[in-house]
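> A structural model of the following input is requested.
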Amino acid sequence: MRLIGPAVLAFLLALAGSYVRWQDSGVFRELDYATFDWRLRLRPPVAPGDQVVILVIDDATLQRLGHWPPPRAELAATLEALGEAGAAVIALDLLLLEEATPAGDADPGHTLVTALHRSPKPVLAMAFGFAEPADITLADRLALASNAIPIVRTSPDAVDLLGEPAGAYLPFAPLGEIAALGHVNVFVEPDGELRFLAPAIRFDGAWHPSLPVQAAIRLLDLPRDAIVLDVGRSLRLGDVTAPLDRQSRLVLDPYGPPGTFPQHSLIDLLDGRLDPSLLAGRVVLVGATATGVRDRFGTAFHPQVPGVEIFANALDNLLTGRFIDRSTDVRHLDLALIALGTASGLLMLAPLPAPVLILIAGLLVALPFAIGAVALAFWGLWLNVVFATLGVVGTAGTALAWRAFRLYRRSRRSEARSRHLERYVPSLLRDRTAEGAALVERSQLAAILFCDLEGFTRAAETIDPDRLQPLLQSYYALVEKAASATSGVVAGFSGDGAMLIFGLPEPAADDPARAIQCGKTLLQAIPAWQKEAEAAGLGGLRLHVGINYGRVRIGHVGGGDQVQLTANGDVVNVASRLQAMTRETKTDMLVAATAVETTRAQQGDAATEGLTPLPPLQLRGRATKVAVWAWSAG
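Sure thing, here's the model as predicted:
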């Protein structure tokens, strides 16, 4: 037990080190993402706010426009209509890289430029390229610089895995000078899901905001000193601070499957069928959902969510302050959860019944996930439950293994003690003794057998005790084998004599018959042992047996701490005297008539074949004679 504390501490330190080293790597990252998605789906439904509306270029719109990308004049009409409807901010999730579309425009770009000038707070999409360098004009660089985040700090925890883009793709001139710019780069995870957005990307020494961030800035009409990026930690937009992870990513808090946000067809707007009150005072995101031109990404709720709805979701997160926090501070909570999980596994050492421990083990394994689910639902915390679960499993498994080892060791010790004690308990009584059921002293019918080796005491005087003991042991084994074969109990050995009881643990009608058979078995087996004794210098030994049957008193003799099984009564005394009388009658075995008559009545005359009646014998210490039968091995 003294080693458990240091072992658990060492395991905890190793687990914490593994978390710091591999939390965002390989299978640990995949498990973290999977359990995060499960918790999102278990979270109560979240309704979006009313500040963001999506205007989609759907299949009906694309069919009316006739081709993709949409004509610039139609986009200009869209901007005019949105301005008339009272939209607060218009954000186009469309890359307008060319002044004219491939199909050709009657008035390429000019109408769109004019519409942008009249539009309320327009935001246009741009993109950074990471594969091949792209030429950037001076005008484009100035446009980018004017849209860069003004105040940037760098946290020491920041990690830049994205790197510097090779170039940038901006709207055709002079759109970048008229409207605010926001990048639309997205980066999916290895499993194909989009869980993070880059709220800003570093290029040319400055950090440039994303389309949702730029739209939020325009809607809130923030002064430049209210926009602060703390790289690797947070993004502050006025009174709202969005937590970022070490890679400066914003965790997307998805509200649900496609259609969670209000969506309207652009063609309905152009045809005047859309109620302007649905757009007034709101941020209107314009993007494509039409077949063949849409971009879609997987989330925890659906494998294909339109990109424009992803941006709407991120924008709503920024405007409502509903964030999922996976910042460095939350990583500290992860370590605390790991410590809690690891320590909780020690409950498996509690002295509780196995079913209770199994229930507790199941609850403990689920504990980190439950804590993570509650933390996400109520406080928006993304806790890493993988390493905490490993802590529970590791500690609980070790504790259970320790318990099992202790039980095994205790069982082995108990078995060893039992095997040792079994040598002192007759085999027929071992099960009852092991179950704690002591043999109650009582009067009952039983057959008693005494056996003794004539001439042993005299012969033993000349034999060294070390040579004598093996002979005695083999003799005792012979008696035990005969008793076991006939279900008799050896009550005790005394020198070269033994007392056997037939009728334990419970009396039976064939007790006298089995006693007679045991006597015959002994006398038939003794010649082989006699030859062994003669070879050792113990010649002239002869076995004598006396048997009686009747009511006896079964009990124990001893002082209390150490007792011995025995039987008392006249029946026992007579059996002992009969064994001694075999010397006078020149027979091997004398059996009281009560035992013979009971055997014959129960099993027939064949059961006493070989026994012959003798005249009644006068036994020492008795007033009346005893009827007996004799048997000799021949």
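> is it true that Phe301 touches Asp253?
No: using Cβ atoms under 8 Å, Phe301 is not in contact with Asp253, being 11.3 Å away. Heads up, the C-betas are built off the backbone N, CA and C, glycines and all.
> higher neighbour count, those two?
Asp253 (20 against 15; other Cβ atoms under 10 Å).
> ok, now which ones touch that one?
Val46, Asn313, Asn317, Arg322, Phe323, Ile324, Gly380 (Cβ atoms under 8 Å, 6 or more residues apart in numbering).
> reformat these as TSV; add distance to Leu449, neighbour count and pLDDT.
TSV is the format used below for the contacts of Asp253 (distance: Cβ to Cβ, whole Å; neighbours: other Cβ atoms under 10 Å; pLDDT from 0 to 100):
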residue	distance to Leu449	neighbour count	pLDDT
Val46	89	15	89
Asn313	95	23	97
Asn317	95	26	97
Arg322	93	15	95
Phe323	92	23	96
Ile324	87	23	96
Gly380	87	19	95
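> can you tell me which of those residues lies closest to Ile90?
Nearest to Ile90 out of the contacts of Asp253 is Asn313 (Cβ to Cβ; 18.2 Å).
> separation between the closest one and Val56?
Separation of Asn313 from Val56 (Cβ to Cβ, to the nearest Å): 15 Å.
> among the contacts of Asp253, which are in strands?
Within the contacts of Asp253, no residue falls in strands by DSSP state E.
> check those residues and tell me the two furthest apart.
Every pair of the contacts of Asp253 checked by Cβ to Cβ; the farthest is Asn313 and Gly380, at 14.4 Å.
> Leu9: how many residues sit nearby?
Using other Cβ under 10 Å, Leu9 has 12 neighbouring residues.
> and it, that one's in a helix?
Yes: counting by DSSP: H, G, I helix; E, B strand; the rest coil, Leu9 falls inside a helix.
> retrieve the pLDDT associated with it.
We have a pLDDT of 87 for Leu9.
> and what of Leu472?
In this model, Leu472 carries a pLDDT of 90.
> repeat for Leu270
93.
> chain neighbours aside, what residue packs nearest to it?
The shortest distance from Leu270 to any non-neighbouring residue, by Cβ to Cβ, 6 or more residues apart in numbering, is to Ala77 (6.0 Å).
> ramachandran angles for Gly539?
phi -100, psi 170 (degrees, to the nearest 10).
> any idea how far Arg583 is from it?
18 Å.
> please apply the same query to Ala226.
123 Å.
> do Gly129 as well
In terms of Cβ to Cβ, Gly129 sits 120 Å off from Arg583.
> show me what Met499 is bridged to.
Here Met499 sits in beta bridges with Phe450, Gly492, going by DSSP bridges.
> cool, and Arg296?
Pro306.
> what number of residues lie near it?
With other Cβ under 10 Å as criterion, Arg296 counts 15.
> and if you look at Ala47?
The tally of other residues near Ala47 (other Cβ under 10 Å) stands at 9.
> helix, strand or coil for the closest residue to it other than its chain neighbours?
Distance criterion Cβ to Cβ, 6+ apart; nearest residue to Ala47, sequence neighbours excluded, is Tyr255 at 7.1 Å. Using three-state DSSP, the structure places Tyr255 in coil.
> cool, and the one 3 residues further on?
With three-state DSSP as the basis, Pro258 sits in coil.
> grab the nearest non-local neighbour of it.
Using Cβ to Cβ, 6+ apart, the closest residue to Pro258 is Val305 (5.3 Å).
> look up how far Ala173 lies from the one you found.
Distance from Val305 to Ala173, by Cβ to Cβ: 33 Å.
> those two: which has the busier surroundings?
Comparing Val305 with Ala173 by neighbour count (other Cβ under 10 Å), the higher total belongs to Val305, at 24 against 15.
> buried stuff in stretch 445-455?
Leu445, Ala446, Ala447, Ile448, Leu449, Phe450, Cys451, Asp452, Leu453 (16 or more other Cβ atoms under 10 Å).
> what residues are up against the second one?
If I follow you right, that is Ala446. Residues near Ala446 by Cβ under 8 Å, 6+ apart: 501-504, 507, 511, 549-552, 554, 567, 571.
> those residues in strands, which ones?
Reading strands off these with DSSP E, I get Ile501, Phe502, Tyr549, Gly550, Arg551, Val552, Ile554, Ala567.
> emit the ChimeraX select command for whichever of those residues are buried.
A single ChimeraX command selects the buried members of the ones in strands among the contacts of Ala446 (16+ other Cβ under 10 Å):
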select :501,502,549,550,552,554,567
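> between the ones in strands among the contacts of Ala446, which sits nearest Phe261?
Closest approach between the ones in strands among the contacts of Ala446 and Phe261, by Cβ to Cβ: Ile554, at 90.9 Å.
> state the pLDDT value of that closest one.
pLDDT at Ile554 comes out at 91.
> give me every residue that touches it.
Neighbouring residues of Ile554 by Cβ under 8 Å, 6+ apart: Leu439, Glu441, Arg442, Ser443, Gln444, Ala446, Ile501, Gly503, Leu504, Leu565, Thr566, Ala567.
> how near is it to Glu441?
Note on Ile554: its distance to Glu441, by Cβ to Cβ, is 6 Å.
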